[in-house]
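Visitor: quick check, what structure comes out for this input:
(2 chains)
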Amino acid sequence: MTTNNVHPIGGIIPQLFLAFPFVLALVLYILAARLSNRYHKPWPISRTLCWTLGSLMATICVSGPLANRAHVHFEAHMAVHMLLGMLAPLLMAMAAPMTLLLRTLAPPAARRFSRFLGSWLSRLLTHPVVASSLHMGGLWCLYMTDLFSLMHESIPIYLIVHIHIFLAGYLFTISLIYIDPIRHRVPFLLRAAVFVMASASHGILSKHIYAYPPHGVPLTQAETAGLLMYYGGDVMDIALVCILCLQWFRAAKPRIGQLNTPIFPPEK
Amino acid sequence: MSNRTKQRSKDIPYKSRNLWSGILFGLGMVAFIDETVFHQLLHWHHFYDKSTTDIGLASDGLFHAFSWIATIGGLFILADLRRKHALLLSRWCGGVQLGAGFFQLYDGTIQHKLMRLHQIRYVDHVFIYDLIWNIAACLMILNGLFLAVRSRGRHEHGEASTYDHE
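Guide: Just a heads-up that it's a prediction; the model follows:
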């Protein structure tokens, strides 16, 4: 099989199936923001903007011309992977959807939802080690096994792979940076270490793709895609690291009074 | 010197944090220069060399990933030290050179040569490039060590107190 003679599978139905949740999420988010503004202080417009950009980006990735091209062209597929698995989740995580949901829901429902957020399942899935294993493990499986060519032949596999890329990306992002309230915080150093390991595995995988393309991908396409994955990953790394370090910087802020007593007083 | 300062000089708070912040930043900075100047601008280094060993690929991936968090995190720690009036600038600079020199030496000997990641430049006399690369690394390490040892147990009022009366 070469990617050039694969026919786009499924036509419009799988695309609509994948795009619908994102469009629905966008509509619900804006409704929730408007509704809760009646009882609370205005929901920041920057967060609504992040959510809008993120969900539109995800929609573009799974439906329309880019999604069609991603079927036949490995570079386009890689662009989709970057946007759907990294940028869209980051933007959507920055929009603090859980906070919005908690303030929109009626108190009993909000309490139930809050209990769910503290449940063992959500603890497990948002642990950095688990989330990064899901994210990176998924990528290694996709590109280093036959999954990549199977994905273009079977609609269910295609759907599962794309849902996994987005969800794992989202879990990975919220397990590292805390925008929404999270019950079980993991120490900063552990999150930093997990981030380094995940980022390293991403870089190694992109160089591996550059040299040994997945089954059926022409070498020239794999080279461009490998470069795109490597340097695109760097851009996302910088964004994540900045947010991560900024959160540390704010948390490590000296208490009032500490600032006024310099550690090295001038010698009298 | 009063008793208080004498007591302090034994155990200056944040002394090692000054050094580590510098080491992190130096390591990240050299990796950044390597990437921008030698990979992107000069095109001396290659993205992938067929002779790279698997361990070389892993080592490169790990250091590359670490370099981003080291650069940015190192600078955030610097800002934190400054905020706490605990910055020892010459100790920090020593750390920068130690980190930079260590990474350059590791890159120039183990990664380029042992793991055959890629060469500095694909020319005949790459030996000369290697020599300059590694000697520069050693000089940075020596100078960094010198600064780190010299600033050990020192208050450096000139620099630290600059921030006292803002």
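Visitor: contacts and neighbour counts: CA atoms only from here.
Guide: Noted.
Visitor: you'd agree A:A95 is up against A:T48?
Guide: Yes: using C-alpha atoms under 8 Å, A:A95 is in contact with A:T48, at 6.4 Å.
Visitor: ok, those two, which is more surrounded?
Guide: Per other C-alpha atoms under 10 Å in any protein chain shown, whichever of A:A95 and A:T48 has more neighbours is A:A95, with 25 against 20.
Visitor: what sits against that one?
Guide: A:A95 makes contact with A:S46, A:R47, A:T48, A:L49, A:C50, A:W51 under the criterion C-alpha atoms under 8 Å, 6 or more residues apart in numbering or on different chains.
Visitor: can you tell me which of those is nearest chain B?
Guide: Within those, the smallest distance to chain B is 23.6 Å, found for A:C50 (C-alpha to the nearest C-alpha).
Visitor: ok, the closest one to A:M92 distance?
Guide: 6 Å (C-alpha to C-alpha, to the nearest Å).
Visitor: of the two, which one has the most company?
Guide: The residue with more neighbours, out of A:C50 and A:M92, is A:M92; 23 against 19, by other C-alpha under 10 Å.
Visitor: ok, that one touching A:W51?
Guide: Yes: A:M92 lies in contact with A:W51 (C-alpha under 8 Å); the separation is 4.9 Å.
Visitor: low-confidence ranges, chain B, go.
Guide: B:1-12, B:153-166 (pLDDT under 70).
Visitor: what segments of the stretch 51-200 of chain A are helices?
Guide: A:65-72, A:74-82, A:88-94, A:97-104, A:107-117, A:120-125, A:128-144, A:147-151, A:155-176, A:188-211 (DSSP state H, counting those that start in this stretch).
Visitor: would you turn these into a markdown table with distance to B:K113 and mean pLDDT?
Guide: Listed next are the helices of the stretch 51-200 of chain A as a markdown table, based on distance: least, C-alpha to C-alpha, whole Å; pLDDT from 0 to 100:
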| stretch | distance to B:K113 | mean pLDDT |
| --- | --- | --- |
| helix A:65-72 | 39 | 86 |
| helix A:74-82 | 32 | 92 |
| helix A:88-94 | 39 | 96 |
| helix A:97-104 | 50 | 93 |
| helix A:107-117 | 50 | 91 |
| helix A:120-125 | 42 | 92 |
| helix A:128-144 | 28 | 94 |
| helix A:147-151 | 35 | 87 |
| helix A:155-176 | 36 | 94 |
| helix A:188-211 | 19 | 93 |
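Visitor: most neighbours per residue, which of these?
Guide: Most buried of those, by mean neighbour count (mean count of other C-alpha atoms under 10 Å in any protein chain shown): helix A:88-94, with a mean of 24.
Visitor: who touches it?
Guide: A:47, A:50-51, A:53-55, A:57-58, A:166-167, A:169-170, A:173-174, A:179-180.
Visitor: wait, which of these is closest to chain B?
Guide: Distances from chain B to these, taken by C-alpha to the nearest C-alpha, are shortest for A:T173, at 15.6 Å.
Visitor: quick one: the nearest residue to that closest one once chain neighbours are set aside and chain B, what's the gap?
Guide: For A:T173, ignoring the flanking residues on the chain, the nearest one in space by C-alpha to C-alpha, 6 or more residues apart in numbering or on different chains is A:L90 at 6.1 Å. Distance, A:L90 to chain B, using C-alpha to the nearest C-alpha, to the nearest Å: 17 Å.
Visitor: show the subsequent helix or strand relative to the longest helix along chain B.
Guide: Longest helix in chain B, counting residues (DSSP state H): helix B:54-83. With elements assigned by DSSP states H and E, the helix or strand that comes after helix B:54-83 is helix B:89-106.
Visitor: and that next one, what does it pack onto?
Guide: helix B:15-33, helix B:126-150 (3 or more C-alpha pairs under 8 Å, 6 or more residues apart in numbering or on different chains; DSSP states H and E).
Visitor: buried ones in the longest one?
Guide: Residues of helix B:126-150 classed as buried by neighbour count (16 or more other C-alpha atoms under 10 Å in any protein chain shown): B:130, B:133-135, B:137-138, B:140-145, B:147-148.
Visitor: tell me what angle that helix forms with helix B:89-106.
Guide: 150 degrees (axes from the mean of the first three to the mean of the last three C-alpha atoms, to 10 degrees).
Visitor: how far away is the residue nearest to A:T173 from B:T71?
Guide: Plainly put, A:L90 is 21 Å away from B:T71 if you go by C-alpha to C-alpha.
Visitor: tell me the secondary structure of B:F47, please.
Guide: Following DSSP: H, G, I helix; E, B strand; the rest coil, B:F47 is assigned to coil.
Visitor: which ones among the contacts of A:A95 map onto helices?
Guide: Assigned to helices by DSSP H, the following of those qualify: A:S46, A:R47, A:T48, A:L49, A:C50, A:W51.
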